[in-house]
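> here is a sequence together with a model predicted from it:
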Amino acid sequence: MKEGNKSDRIDARKLAEMLRTNQVKPVYHGEHGVRTLKELGRSYPTITKDVTRVMNRIKAVYRSWAIPCAGTTVYAPRHRTEWLAKIAEPGVRVRAEHLYQQLDSLQPIRLEARHELVRESQKHSAVKLLRQIPSIGPIRAALLVGLLQTPHRFRSKRQLWAYSGFAVETHDSGEYRYVRGKVQRNRERITVRGLNDNHNKDLKSLFKSAAISASTRPGPLRDFYVARVDKGMRPTMARLTLARKIAAISLTMWKKGVSFDPQNLPRQAA
């Protein structure tokens, strides 16, 4: 219970009341067959974020001294001595050296985590099936199976959209009003308040990155994106539509065990 007084007796009574009024919602606890893939899918993105964080800190050191560092050579071992020589302050130079040491220790761990994730994903047939979708490579397919575990937990594509943060939320107040003593429904348009906040952030990031990748590479998904833009849709909304389409296609293929068919792309949905 998130509000009000708390104790074992109070919590038990509230839970019993929720159970009596059928307000207890089921929670999916996962399957044991993909537990290893799920844990590896948690490890690899976390280590990748750590590597990115250290790289940003290295760039921040150079930027604090007004040293342009837009190129990737700032991370190359053979160029580090040259870059470190540009820092005049000894203490800052030592700090940069420590960050380089941290980066050197994290990069092999990231590669090992990537290899373990790909190796474990090869045991699951769904990964091979999902890799047929353009912009869904071995890493995204492995993460997708590890995050969702099974497609049968979603009855339709709209449930997957809500879980992925792509469901549109609408708010409406004053739906009915009194007119001459009679209740009439208000005909005004319902206000759209954007996408739902309660979602799986890792899954949303996966589908968004897949949509961005698909919108920039030649293929049927890029054609789908360009067609929406040509009809007057904003590029941001077109990428959102593409991300929802990729999620729906993934659910359909995974549920039915069918291959990706570009000809049925407009009609392919969960």
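Done, it's in.

> going forward, measure contacts and count neighbours with C-alpha atoms only.
Will do.

> okay, and the nearest residue to R222 once chain neighbours are set aside sits in which element?
Distances taken as C-alpha to C-alpha, 6 or more residues apart in numbering place S215 nearest to R222, at 4.5 Å, with adjacent residues excluded. Assigned by DSSP states H and E, S215 belongs to helix 201-216.

> tell me the buried residues in that helix?
203-204, 206-215 (16 or more other C-alpha atoms under 10 Å).

> strands along the stretch 151-270 of the chain, start to end?
Applying DSSP state E, counting those that start in this stretch to the stretch 151-270 of the chain gives strands spanning 168-171, 176-179, 182-185, 191-195.

> nearest to L84, out of these?
Closest of those to L84 is strand 191-195, at 45.2 Å (criterion: C-alpha to C-alpha).

> where does pLDDT dip in the stretch 101-250 of the chain?
Low-confidence regions of the stretch 101-250 of the chain, defined by pLDDT under 70, span residues 173-174, 188-193.

> just the helices from it, written as ranges.
Listed in chain order, the helices of the stretch 101-250 of the chain (DSSP state H, counting those that start in this stretch) span 125-130, 138-148, 157-164, 201-216, 220-230, 235-256.

> now those in JSON lines, with distance to G181?
Below are these laid out as JSON lines (distance: least, C-alpha to C-alpha, whole Å):
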{"stretch": "helix 125-130", "distance to G181": "58"}
{"stretch": "helix 138-148", "distance to G181": "52"}
{"stretch": "helix 157-164", "distance to G181": "39"}
{"stretch": "helix 201-216", "distance to G181": "48"}
{"stretch": "helix 220-230", "distance to G181": "47"}
{"stretch": "helix 235-256", "distance to G181": "43"}
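
> what's the closest of the ones you listed to E17?
Comparison of the helices of the stretch 101-250 of the chain against E17 by C-alpha to C-alpha identifies helix 157-164 as nearest, at 26.8 Å.

> enumerate the positions of that closest one that are buried.
157-158, 160-164.

> could those residues go into JSON lines alongside distance to V179?
JSON lines is the format used below for the buried residues of helix 157-164 (distance: C-alpha to C-alpha, whole Å):
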{"residue": "K157", "distance to V179": "40"}
{"residue": "R158", "distance to V179": "37"}
{"residue": "L160", "distance to V179": "41"}
{"residue": "W161", "distance to V179": "39"}
{"residue": "A162", "distance to V179": "37"}
{"residue": "Y163", "distance to V179": "40"}
{"residue": "S164", "distance to V179": "42"}
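
> with the residues you listed in mind, which one is nearest to P68?
Out of the buried residues of helix 157-164, the one with the shortest distance to P68 is S164. That distance is 38.0 Å, counting by C-alpha to C-alpha.

> I'd say the closest one and K208 touch.
No. Because the distance of 9.8 Å does not satisfy C-alpha atoms under 8 Å, S164 is recorded as not touching K208.

> and the closest residue to R114 other than its chain neighbours, what pLDDT?
Distances taken as C-alpha to C-alpha, 6+ apart put Y44 closest to R114, at 6.2 Å, once the chain neighbours are dropped. Y44 carries a pLDDT score of 96 in this model.

> now Y44: which helix or strand?
Secondary structure from DSSP H and E places Y44 in helix 35-64.

> now the angle from that helix to helix 201-216?
If you take axes from the mean of the first three to the mean of the last three C-alpha atoms, to 10 degrees, helix 35-64 sits at 70 degrees to helix 201-216.
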